[in-house]
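Student: got a structure for you, letters missing:
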């Protein structure tokens, strides 16, 4: 059975480098269309049901603003 995951992004800490989006193998993340308080467009999870809890987004985030959890199917 495939792993299921949950991604939480702190949009106020995200500076919008979008490394997480480029490193997501299942395309869970996208750039938000709303700015955060610093004027950046942070990443956001949009295809939540596709997350496989691989942790790639967490690993590449230079701002440590992403948390990844494995959840029960």
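Tutor: Right, received. Where do you want to start? Keep in mind that what you see is a predicted model, and the values were worked out from it rather than measured. Numbering: from 1, shown residues only.
Student: What's the end-to-end length of stretch 18-37?
Tutor: One end of stretch 18-37 to the other measures 17 Å (C-alpha to C-alpha, to the nearest Å).
Student: chain center to stretch 40-59, what's the gap?
Tutor: Centre-to-centre, stretch 40-59 and its host chain are 3 Å apart (C-alpha atoms, centre = their mean, to the nearest Å).
Student: Name the residues that touch it?
Tutor: For stretch 40-59, contacts defined as C-beta atoms under 8 Å, 6 or more residues apart in numbering pick out 2-9, 11-12, 14-16, 18, 20-21, 23-36, 65-71. For glycine as for every other residue, the C-beta is placed from the backbone atoms N, C-alpha and C.
Student: Endpoints of that stretch, how far apart?
Tutor: 21 Å.
Student: what's the answer for stretch 8-28, then?
Tutor: Terminal-residue distance, stretch 8-28 (C-alpha to C-alpha): 11 Å.
Student: Which residues does that stretch contact?
Tutor: 7, 29-32, 36-38, 40-48, 50-52, 54, 56-69.
Student: Go ahead and build a PyMOL selection from the buried members of the residues you listed.
Tutor: Selection command for PyMOL covering only the buried members of the contacts of stretch 8-28, criterion 16 or more other C-beta atoms under 10 Å:
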select buried, resi 7+29+32+36+40+41+42+43+44+45+51+52+54+56+57+58+61+65+66+68
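Student: Just the ones in strands from the contacts of stretch 8-28, please.
Tutor: Judged by DSSP state E, the contacts of stretch 8-28 include 7, 29-31, 43-45, 66-69 as members of strands.
Student: Out of those residues, give me the two with the largest separation.
Tutor: Across those, the longest distance by C-beta to C-beta is 22.2 Å; it joins 31 and 69.
Student: Buried among the contacts of stretch 40-59? Make that a ChimeraX selection.
Tutor: Entered in ChimeraX, the line below selects the buried ones among the contacts of stretch 40-59, by 16+ other C-beta under 10 Å:
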select :4,5,7,9,11,14,16,18,20,21,23,24,28,29,32,36,65,66,68
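Student: Could you list the low-confidence segments of this protein?
Tutor: The model of the chain has pLDDT under 70 over residues 1.
Student: ok, which stretches of the chain are helices?
Tutor: According to DSSP state H, the chain carries its helices in the segments 19-23, 56-60.
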